[in-house]
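In: Curious how this folds, go ahead:
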Amino acid sequence: MSSSLPWAAASWPKRHAAASPAGPAPTMTTSKSRESRCMRRFRYEPGRYTSGEYQMPLSICAKRQYVMGRDPKSAGRRLKWIYSGSRQPEGSAVTQPTTDPRVRIANGPMTRMQIVAVALCVIINMLDGFDALAIAFTAATIANEFDLQPGALGAVFSAGAVGMAIGAFTLAPLGDYIGRRKMILGGLTLIGLGMAWTAAVSTLTPLIILRFITGLGIGAMLASLNTLVAEYSSNKRKNLCISLLHMGYALGGGVGGTVAALLIGQYGWQSVYLFGAAMSVVMLPLVYLATPESVEFLIARRPTNALGRVNDVLIRLRLQTLEALPAAREVTKIGVQRMLTPALLTTNLLVWFSFGMLMLQTYFQLNWLPTIVTGFGYTVEQGIFAGVLSSIGAICGMFAMGVVSVPLGIRRSIGGFSFLTAVFMVAVSLSEASLMLFYTLVFVMTVFSAGTMAGMYALAARVYPVEVRSSGVGWGIGVGRIGAIIAPLLAGYLLEQGLGGDTLFVLFAIPVLFPILAVTFIRSPYAR
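Out: Sure, this is the predicted structure:
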């Protein structure tokens, strides 16, 4: 149905009069007959007009008869004006509906499919947290059963960290070639196999190999999880979704510790690994059925039947399908030389050493805390509960840094959290006689240590120029993994030499102070 509005040209705003197209007055089509309260002289069409004609989202108030931008009755539905003239009016908000699905996903609301995909990634990262810390929860029991010395146990801890580092450097980049979904499925398979076979070992060497395989799967999968969440989240919810993903890792460690304590008491340490393997098997079909490949990846890499696969995803997203794929976005490559220029030398060293020192403390605490508590004379379940408190404290620390850094700035916040972490680590070393006091101090210590780590992530993202920012943060985390590998071995060696767990807390408090030097000497206009 079409209705001509001869009065519209006469009442058109003066600022648009000169730009209005020559020819007949504008007309408007409609698919439903519904009158607006303040616009009884015409009807409107809700929805999206997709004709090749010129179009303008307008809403005209009958009293003033000029562009208002929104129909007050329909609260967001747009009037679709179709101009029969040969050109668009200059200075007006003429829009063409985009057909690029990447723009629609980024700017539109989160659909059910997107929410399910993000939720599955968060659950998988929780499972990663459980799998990574399973050895910490079972270490005391395994050491007694296998008659392992602290040095050998440290090698078991480090095997997982080595696997995660190698997986992140060698396997994770394959996600840009074979797809994020395949990398997640492959990582889950590696983790499931590693966890299942770990339950069957009875000697040290196979245990080290299987912890390496499990770490390989975790390291390979983390980058694809992060990328898939970012690519299926809307711009409005992207930061929230990525934050939930990373908090899932710590939450998985906390929840997993509670589960591990119950399973060990009832069924033995092997049940912890069988539980982790079973959860990986459960997640495999869920990911395969409910998590499609990233639209961004399909458009960029264009694998076989890329258009059909993109359209399948768009149908699930309830978006218009495509007749042809849009152009892939150009990616500017920055050489390694740019990262290693003299201007960035001081920044690189300070950022890399800060991550390394923080991971040295973090992985000492993650791996050895339950075993040290057991060595103080407490039960295995009480040692595991200390690990659970650490995971909860890590989540609180991330939030605390985000809140405190707003009024104080990121530099002061990192310096303060770093200093308080060292203070509370010394306090923990003096509190072994009282379990409740020990629990409280461990929780507070982890709040500040996790907050310091979160602050360093934020600082690293600010101190590098934009063209090498991603590489700078990635290199910092990668080099920092060396600390994660050394920490369990060093702690095991020191325990084997006769040092007590209380002394280790004092010694590992020293590297935590290094970020204070970083925030003092790093010079950047973006990191106050």
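In: for the lengthiest helix in the chain, the distance to its chain's centre please.
Out: Scanning the chain for the longest helix, with DSSP state H as the assignment, gives helix 112-146. Between the centre of helix 112-146 and the centre of its host chain there is 16 Å, according to C-alpha atoms, centre = their mean, to the nearest Å.
In: Kindly export whichever helix or strand comes after that helix (C-alpha atoms) in CSV.
Out: Going down the chain from helix 112-146, the next helix or strand is helix 150-166, by DSSP states H and E. Backbone C-alpha positions of helix 150-166 (Å, rounded to 0.1, in the frame of the first residue of the first chain) are rendered in CSV as follows:
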residue,chain,number,x,y,z
PRO,A,150,59.8,-33.1,46.9
GLY,A,151,62.2,-32.7,43.9
ALA,A,152,60.5,-35.4,41.9
LEU,A,153,57.1,-33.9,42.8
GLY,A,154,58.3,-30.5,41.6
ALA,A,155,59.2,-32.2,38.2
VAL,A,156,55.6,-33.4,38.0
PHE,A,157,54.3,-29.9,38.6
SER,A,158,56.6,-28.3,36.1
ALA,A,159,55.7,-30.9,33.4
GLY,A,160,52.2,-29.4,33.2
ALA,A,161,53.6,-25.8,33.0
VAL,A,162,56.0,-26.9,30.2
GLY,A,163,53.1,-28.5,28.3
MET,A,164,51.0,-25.3,28.6
ALA,A,165,53.9,-23.1,27.4
ILE,A,166,54.7,-25.3,24.4
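In: now helix 150-166 and helix 112-146, what's the angle there?
Out: Helix 150-166 runs at 160 degrees relative to helix 112-146, counting by axes from the mean of the first three to the mean of the last three C-alpha atoms, to 10 degrees.
In: So which residues make contact with helix 150-166?
Out: 132, 135-136, 139, 142-143, 148, 204, 207-209, 211-219, 222, 363, 367-368, 371, 478, 481-482, 484-493, 495-496 (C-beta atoms under 8 Å, 6 or more residues apart in numbering). Glycine gets a C-beta too; all of them are placed from N, C-alpha and C.
In: Buried subset of those as a ChimeraX selection?
Out: Per 16 or more other C-beta atoms under 10 Å, the buried members of the contacts of helix 150-166 correspond to this ChimeraX selection:
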select :132,135,136,139,142,143,148,204,207,208,209,211,212,213,214,215,216,217,218,219,222,363,367,368,371,481,482,484,485,486,487,488,489,490,491,492,495
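In: would you list every one of the strands in this structure?
Out: Using DSSP state E, the strands of the chain run over 2-4, 27-29, 35-36, 39-43, 55-58, 79-82.
In: For the closest residue to Ile510 other than its chain neighbours, report the pLDDT, please.
Out: Residue nearest to Ile510 in three dimensions, not counting chain neighbours: Ala422, with 7.4 Å by C-beta to C-beta, 6 or more residues apart in numbering. Per-residue confidence (pLDDT) for Ala422: 96.
In: and Ala422, how many neighbours does it have?
Out: Counted with other C-beta atoms under 10 Å, residues neighbouring Ala422 total 22.
In: List the residues that contact it.
Out: Per C-beta under 8 Å, 6+ apart, neighbours of Ala422: 509-510, 512-513.
In: cutoff 7 Å now
Out: 509, 512-513 (C-beta atoms under 7 Å, 6 or more residues apart in numbering).
In: was I right about Leu350 contacting Thr520?
Out: No: using C-beta atoms under 7 Å as the test, Leu350 is too far from Thr520 to be in contact (9.1 Å).
In: Who has more neighbours out of the two?
Out: Leu350 (23 against 10).
In: what's the closest non-adjacent residue to the more buried one?
Out: Closest to Leu350 by C-beta to C-beta, 6+ apart is Ala518, at 4.2 Å.
In: Derive a PyMOL selection command for the buried subset of the contacts of Ala422.
Out: In PyMOL, this line selects whichever of the contacts of Ala422 come out buried by 16+ other C-beta under 10 Å:
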select buried, resi 509+512
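In: Where does pLDDT dip in this structure?
Out: Residues of the chain meeting the criterion pLDDT under 70: 1-99, 328-339, 466-467, 470, 524-528.
In: Give me the domain ranges for it.
Out: As recorded under automatic domain parsing, the domains making up the chain are 1-97, 99-331, 334-528.
In: Name all residues that make contact with the spatially most central residue of the chain.
Out: For the chain, the residue nearest the mean C-alpha position is Ile242 (3.2 Å; C-alpha atoms, centre = their mean). By C-beta under 7 Å, 6+ apart, the residues touching Ile242 are 226, 229-230.
In: how near is it to Leu133?
Out: 22 Å (C-beta to C-beta, to the nearest Å).
In: returning to what we had before: I'd like to know how far the residue nearest to the centre of the chain sits from Ser233.
Out: From Ile242 to Ser233 the distance is 7 Å (C-beta to C-beta).
In: next one: Val259
Out: 29 Å.
In: The two: who's more crowded?
Out: When Val259 and Ser233 are compared for neighbours, Ser233 comes out ahead with 23 against 20, by other C-beta under 10 Å.
In: who touches stretch 426-445?
Out: 376, 378, 382, 386, 389-390, 392-393, 421, 424-425, 502, 505-506, 509.
In: And it, end to end?
Out: 10 Å (C-alpha to C-alpha, to the nearest Å).
In: Show me what counts as buried in it.
Out: For stretch 426-445, by 16+ other C-beta under 10 Å, it's 427-429, 431-432, 435, 438-445.
In: Likewise for stretch 463-476?
Out: 463-464, 468-469, 472-476.
In: Stretch 394-407 now?
Out: 394-398, 400-401, 404-405.
In: Closest one to Leu251 out of those, please.
Out: Taking C-beta to C-beta as the measure, Leu251 sits nearest to Ile395 out of those, at 6.4 Å.
In: who's in contact with that closest one?
Out: Ile395 touches 247, 250-251, counting by C-beta under 7 Å, 6+ apart.
In: roughly how far apart are it and Ala223?
Out: Counting by C-beta to C-beta - Ile395 and Ala223 are separated by 22 Å.
In: do Ile477 as well
Out: 11 Å.
In: Ile372 now?
Out: For Ile372, the distance to Ala223 - C-beta to C-beta - is 32 Å.
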